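Asker: sharing a model that was predicted from the sequence below.
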Amino acid sequence: MIQVSKYSKNFITLFSGNILSQLIPFLVAPILARLYSPEDFAVAANYMAIVGVFGIVASGRLEMAIPIPASDDHAKEILWNAWGFVGITFFLSTCVIFFQKEIAYLYHDETLASYLWLVPLGVLSYGLLNIFSNIQVRKHSLTILRRLHLDTLFGV
């Protein structure tokens with residue numbers, strides 16, 4: 001019987017989650033291309049670009065520091081600060097709602113304006129997802145992290 005090291009088992013767990021979360025969209029892309037027009041994809045890309053810009057700084061990148069401290073108390077302080085950053089970024093991203101038409105004009109996409117009210121929700125979920133992922137890394141809950149990769153794929 002082959003003994004698998006803990007490192008190898010953890011590596012395979014994360015690797016399989018990442019592979020599946022990238023393989024499924026690749027396989028579904030031809031179906032989506034038949035269902036939606038290129039203009040629909042352009043609106044989605046513009047929306048994701050806006051959420052991505054806010055989302056990257058949503059937690060102040062403090063989520064990256066959650067797994068590092070030796071003490072749980074210090075990690076909890078970092079966690080609270082990261083949640084605070086997410087809240088601040090969420091409220092700042094609500095400004096997008098007040099400038100929907102102007103932002104849509106900058107993107108040369110009038111239909112984008114009807115979806116910009118979703119930006120604060122996207123920013124909030126982006127920041128919380130990053131925080132939750134790094135909490136699971138700290139706890140060494142790699143199976144939950146793999147599941148998280150797949151759940152985000154389906155919007156669960």
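Answerer: Sure, I can see it. Numbers count the residues shown, from 1 in each chain.
Asker: stretch 100-116 spans what distance, first to last residue?
Answerer: Start-to-end span of stretch 100-116 (Cα to Cα, to the nearest Å) is 6 Å.
Asker: leaving out sequence neighbours, find the closest residue to the most centrally placed residue in the chain.
Answerer: For the chain, the residue nearest the mean C-alpha position is residue 126 (3.8 Å; Cα atoms, centre = their mean). In this structure, residue 126 finds its nearest non-sequential neighbour in residue 55, 3.2 Å apart by Cβ to Cβ, 6 or more residues apart in numbering. The way it works is simple: take the backbone N, C-alpha and C, and place the C-beta from them, glycine included.
Asker: ok, now residue 42?
Answerer: In space, residue 42 comes closest to residue 109 once its chain neighbours are excluded; the distance is 6.5 Å by Cβ to Cβ, 6+ apart.
Asker: and that neighbour, how far is that from residue 100?
Answerer: Separation of residue 109 from residue 100 (Cβ to Cβ, to the nearest Å): 11 Å.
Asker: kindly report the same for residue 47.
Answerer: Relative to residue 100, residue 47 is positioned 12 Å away (Cβ to Cβ).
Asker: now swap in residue 66 and tell me
Answerer: Counting by Cβ to Cβ, the separation of residue 66 from residue 100 is 34 Å.
Asker: please say which of these two ends up with more neighbours.
Answerer: residue 66 (24 against 16; other Cβ atoms under 10 Å).
Asker: tell me what the longest helix anywhere in the chain is packed against?
Answerer: For the chain, the helix with the greatest residue count under DSSP state H is helix 6-35. Helices and strands touching helix 6-35, by 3 or more Cβ pairs under 8 Å, 6 or more residues apart in numbering; DSSP states H and E, are helix 142-154.
Asker: from residue 12, how far off is residue 107?
Answerer: Taken as Cβ to Cβ, the span from residue 107 to residue 12 is 42 Å.
Asker: if anything else comes up later, I'll come back, but that's it for now.
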